[in-house]
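K.L.:
sequence below, structure please.
(chains A and B)
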Amino acid sequence: MNKASSAAMVFLREGLCPGLTDEVVQALRAKNIRTVVDLVSSDVEDLAQKCSVSYKSLLAVRRVLLAQNSAFPVTGADLYEELLSSTAILSTGNASLDKLLDSGLYTGELSELVGGPGTGKTQICLGVAVNISCELKQSVLYIDSTGGLSANRLLQMIKAKISNAEEQMEALRRIQVCPVFDVFSLFECLHHFRSTGHQQFLAGGSSVKAVIVDSVSAVLAHMLGGRQTEGMSLMMQVAGELRTLAKDLNVAVLVTNHVTRDGNGMIKAGLGQSWSHTPRTRVLLQRIERPGSTCSSLRTATLIKSSRQPCYSMEEFDLRYWEQCEEKLHGLQGKRKQVSNSPG
Amino acid sequence: MQRPLSSFAFAPAVKVKLINAGFHTAADLCDLRPLQLSKESGISQQEAVEVLQTVRHDASQGAGAGSRMTALELLGREQAMGAIVTFCSALDSVLGGGMPVGKTSEVCGAPGVGKTQLCIQLAVDVQIPVCFGGLGGQAVYVDTEGSFMVQRVVDVAKAAVEHCSLLADDAEQREALKVFTVEDILSKLYLFRCHDYVELLAETYLLPDFLSQHPEVRLVVIDSIAFPFRHDFEDLSQRTRLLNGLAQQLAQMANQYNVAVVLTNQMTTKVGNGQSKLVPALGESWGHAATQRLILHWEGEQRALASGTCSLLTMLRLTHLRFRQGTLLSASAPKQTTTRLEDIWLKNNIQLF
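P.N.:
Numbers count the residues shown, from 1 in each chain, chains lettered A, B, ... in the order given. Sure, this is the predicted structure:
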């Protein structure tokens, strides 16, 4: 499936396609044909006469440009086949979360964790990275913009799953870490990953199956609002980059976001309405406000946006899940509550 | 797959001119000279030179871009960076070895509980020589409240030197003690005084240059970050934006220059549901700013500390801190279970977030 080129104003340049030499470009420019749209929408015969360029070569250039810049339709059946063969579902490692997410994170899609400070977004991201590295033996790219990533913590979680020191090191090697603290470094990191990075892993026997960005609001929130003009456009660029990354490289993208309060004091996800269209799935994390609770690492996860599951279903889980062995946890499996028509 | 120009860190005006002139991706610019570029797009020659430099630098970076590394390499780096020990073993164990270098930490507390004292302690502890288990580094102290008093530093320094000389038992340590005197400690502490938030923001922009000129600095303290932002701010959303931007810059600085950044914050009262709670100031979104949040509070006659968001998932731990003769000398961790901790929180009406 081809994508249409970006930008409506693609200027004609030498080398844009074979046959478009410098003289042709200059001749066209002299007759006020500057962009691809101008060339394609004008009469070729007329143009060939006016610019004294050969009709055949101009026609060939036009055909190539049209082919380069058009989108080709794909049948639904082909699309479905492609999805079936290429989509993978990555378990998060936590059974309650998997239940909420319809068995886990889907490749080709963007999922989002939303929550206030200390609700466990970073811990879940670390747990997912460790699970993909240890259980699924695949690589992960972890983009950290808050400084909350600690390799010691990763090792702690890995040790709970793997006892062999050599394999622990192997699991750590499969997690690629990239600290970025502003949106331009984020673009740089994503761009480099797309062009060269992901191939490195293919050589090592495991491919990158997930990209985790913790958190996307830390780099974007302060660029929005006030009299700043670039913020929105940068945010939508980030959205576009992450989504095309997910689709083209067949990875699951997991991002974290902060929460704000709306006019009535209700909690809502940060970065506004425009960003809310970006993730396919959105999970809200909250602390449990139970006075007699013995464990302060319990959280609830509420599904607030999903194209597959009914919304507002809630699961409880323990943040220490990822560092405990399977047997100990059967007692702590969450209770499922269906909350309908709740504001979340 | 070429990188679009809009994803580079150019000024918005420059970007608009470049895009209007027909340059959309980095590839469009690669073969141009600055004069050509400035003529075609209408930007100044200086700007053209900068643009081309950035684009070429990015293209030549290749696969080993910037600071990407595996978690294994990060582990090695974290272990090499170490932590600032506070000479108080219970506090150090709660912090996971001490104040982590390379991360931002926040210390919150009501007035008089000892935030400045803790910061002064850290500024001295970071200078402890390596052979005694310290980092042998220097410290930067940004004072926004005017609560920094040299006499307090002298007290803490004297106690630290005394403590070390009692510990010294081999030639190397005795040698190190010769350059670890009160005068040396004071000379390695750089003090910056900021009177309002504009000066603080400016200082944060200038600090990276200072840190690259003084690579020995291992600690940056900002005492306090709340004070300049809490009064005379009409536009609260602007305040949130400025604070978030500041948090990112500090996190970047901590990561890039291998320093521990310690911020102090004040407490404010949150009223709701018929009761009032003490919460850290500067709003809910500020809770995301620091990697680690420590809250000092009064527990009857004693001080106690609890850790909030913490990367090592050590949940609420309570220690009784005692400041004796101006230095942090002892603390103890009670043997209660966490249920009792929750009661204590509720009793003191303190909420972490």
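K.L.:
rest of the way, CA atoms for contacts and neighbours
P.N.:
OK.
K.L.:
for residue B:206, the count of nearby residues, please.
P.N.:
11 (other C-alpha atoms under 10 Å in any protein chain shown).
K.L.:
element containing it, please.
P.N.:
Element membership for residue B:206, per DSSP states H and E: helix B:197-213.
K.L.:
show me where chain A has its strands.
P.N.:
A:89-90, A:105-106, A:110-115, A:139-144, A:175-179, A:208-214, A:252-257, A:259-261, A:267-269, A:281-287, A:298-305, A:313-318, A:337-338 (DSSP state E).
K.L.:
would you tell me which of those strands gets closest to chain B?
P.N.:
Proximity to chain B (C-alpha to the nearest C-alpha) singles out strand A:175-179 among the strands of chain A, at 4.3 Å.
K.L.:
for residue B:199, grab the count of nearby residues.
P.N.:
Residues within reach of residue B:199, counting by other C-alpha under 10 Å, total 14.
K.L.:
show me which residues of stretch B:95-107 are buried.
P.N.:
Neighbour counts over stretch B:95-107 (16 or more other C-alpha atoms under 10 Å in any protein chain shown) mark B:95-107 as buried.
K.L.:
next, format the strands of chain A as a markdown table and append mean neighbour count and distance to residue B:78.
P.N.:
Shown next, in a markdown table, are those (neighbours: other C-alpha atoms under 10 Å in any protein chain shown; distance: least, C-alpha to C-alpha, whole Å):
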| stretch | mean neighbour count | distance to residue B:78 |
| --- | --- | --- |
| strand A:89-90 | 18 | 29 |
| strand A:105-106 | 24 | 30 |
| strand A:110-115 | 25 | 27 |
| strand A:139-144 | 26 | 15 |
| strand A:175-179 | 25 | 13 |
| strand A:208-214 | 26 | 19 |
| strand A:252-257 | 25 | 24 |
| strand A:259-261 | 17 | 30 |
| strand A:267-269 | 19 | 32 |
| strand A:281-287 | 24 | 29 |
| strand A:298-305 | 22 | 28 |
| strand A:313-318 | 21 | 27 |
| strand A:337-338 | 12 | 41 |
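K.L.:
Throw those into CSV and include mean pLDDT and distance to residue A:239, thanks.
P.N.:
Formatted as CSV, the strands of chain A follow (pLDDT from 0 to 100; distance: least, C-alpha to C-alpha, whole Å):
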stretch, mean pLDDT, distance to residue A:239
strand A:89-90, 92, 21
strand A:105-106, 92, 17
strand A:110-115, 94, 9
strand A:139-144, 93, 15
strand A:175-179, 92, 18
strand A:208-214, 92, 12
strand A:252-257, 95, 11
strand A:259-261, 88, 18
strand A:267-269, 88, 15
strand A:281-287, 91, 14
strand A:298-305, 88, 17
strand A:313-318, 83, 26
strand A:337-338, 36, 31
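K.L.:
need these in JSON lines with distance to chain B, can you?
P.N.:
Converted to JSON lines, the strands of chain A look like this (distance: least, C-alpha to the nearest C-alpha, whole Å):
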{"stretch": "strand A:89-90", "distance to chain B": "20"}
{"stretch": "strand A:105-106", "distance to chain B": "22"}
{"stretch": "strand A:110-115", "distance to chain B": "10"}
{"stretch": "strand A:139-144", "distance to chain B": "9"}
{"stretch": "strand A:175-179", "distance to chain B": "4"}
{"stretch": "strand A:208-214", "distance to chain B": "11"}
{"stretch": "strand A:252-257", "distance to chain B": "10"}
{"stretch": "strand A:259-261", "distance to chain B": "8"}
{"stretch": "strand A:267-269", "distance to chain B": "12"}
{"stretch": "strand A:281-287", "distance to chain B": "10"}
{"stretch": "strand A:298-305", "distance to chain B": "11"}
{"stretch": "strand A:313-318", "distance to chain B": "12"}
{"stretch": "strand A:337-338", "distance to chain B": "25"}
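K.L.:
right, and the ones you listed - which one's nearest residue B:112?
P.N.:
Among those, strand A:281-287 comes nearest to residue B:112, with 30.2 Å by C-alpha to C-alpha.
K.L.:
relative to strand A:298-305, how tilted is the closest one?
P.N.:
150 degrees (axes from the mean of the first three to the mean of the last three C-alpha atoms, to 10 degrees).
K.L.:
longest helix in chain A, please.
P.N.:
Criterion DSSP state H: the longest helix present in chain A is helix A:231-249.
K.L.:
picking up where we left off before, then the helix or strand following the helix holding residue B:206 to PDB, C-alphas only?
P.N.:
Using DSSP H and E, the helix or strand that directly follows helix B:197-213 along the chain is strand B:217-223. Extracted C-alpha coordinates of strand B:217-223, given in PDB (Å, rounded to 0.1, in the frame of the first residue of the first chain):
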ATOM      1  CA  VAL B 217      30.400  19.300  39.900                       C
ATOM      2  CA  ARG B 218      28.300  16.400  41.100                       C
ATOM      3  CA  LEU B 219      25.400  18.200  42.800                       C
ATOM      4  CA  VAL B 220      23.100  21.100  41.900                       C
ATOM      5  CA  VAL B 221      20.800  22.200  44.600                       C
ATOM      6  CA  ILE B 222      17.900  24.700  43.900                       C
ATOM      7  CA  ASP B 223      16.500  25.900  47.200                       C
END
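K.L.:
just checking, what packs against strand B:217-223?
P.N.:
helix B:115-125, strand B:138-143, strand B:260-265 (3 or more C-alpha pairs under 8 Å, 6 or more residues apart in numbering or on different chains; DSSP states H and E).
K.L.:
pipe these into JSON lines and attach distance to residue A:216 per row.
P.N.:
Formatted as JSON lines, the entries for the helices and strands packed on strand B:217-223 read as follows, by distance: least, C-alpha to C-alpha, whole Å:
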{"stretch": "helix B:115-125", "distance to residue A:216": "31"}
{"stretch": "strand B:138-143", "distance to residue A:216": "29"}
{"stretch": "strand B:260-265", "distance to residue A:216": "22"}
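K.L.:
out of these, which is closest to residue B:152?
P.N.:
Among the helices and strands packed on strand B:217-223, helix B:115-125 sits nearest to residue B:152 (C-alpha to C-alpha), with 7.7 Å.
K.L.:
contacting residues around the closest one?
P.N.:
Contact with helix B:115-125 is made by B:84-87, B:107-109, B:134, B:138-141, B:147-148, B:152-153, B:156-157, B:160, B:185, B:189, B:219, B:221, B:223, B:262, B:264, B:296, B:326-328, as judged by C-alpha atoms under 8 Å, 6 or more residues apart in numbering or on different chains.
K.L.:
lowest pLDDT pick from the buried residues of stretch B:95-107?
P.N.:
Within the buried residues of stretch B:95-107, the minimum per-residue pLDDT falls on residue B:96 (75).
K.L.:
dump the helices and strands packed on strand B:217-223 to TSV, plus mean pLDDT.
P.N.:
Formatted as TSV, the helices and strands packed on strand B:217-223 follow (pLDDT from 0 to 100):
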stretch	mean pLDDT
helix B:115-125	90
strand B:138-143	95
strand B:260-265	94
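K.L.:
single out the most deeply packed of these.
P.N.:
Stretch with highest mean neighbour count among the helices and strands packed on strand B:217-223: strand B:260-265 (a mean of 26; mean count of other C-alpha atoms under 10 Å in any protein chain shown).
K.L.:
moving C-terminal from it, which element do we reach first?
P.N.:
strand B:267-272.
K.L.:
briefly note if the helix holding residue B:206 comes near chain A.
P.N.:
No. Helix B:197-213 does not reach chain A (C-alpha under 8 Å from any C-alpha of the partner chain); its nearest approach is 14.2 Å.
K.L.:
buried ones in that helix, by neighbour count?
P.N.:
The neighbour-count check on helix B:197-213 (16+ other C-alpha under 10 Å) flags B:197, B:200-201, B:203-204, B:207-208, B:211 as buried.
K.L.:
just how off-centre is that helix within its chain?
P.N.:
Between the centre of helix B:197-213 and the centre of its chain there are 13 Å (C-alpha atoms, centre = their mean, to the nearest Å).
K.L.:
same question for stretch A:217-235.
P.N.:
18 Å.
K.L.:
that stretch - what's its average pLDDT?
P.N.:
pLDDT averaged over stretch A:217-235 gives 87.
K.L.:
list the buried residues of that stretch.
P.N.:
Buried residues in stretch A:217-235 (16+ other C-alpha under 10 Å): A:217-224, A:231-232, A:234-235.
K.L.:
nice, that's everything, thank you.
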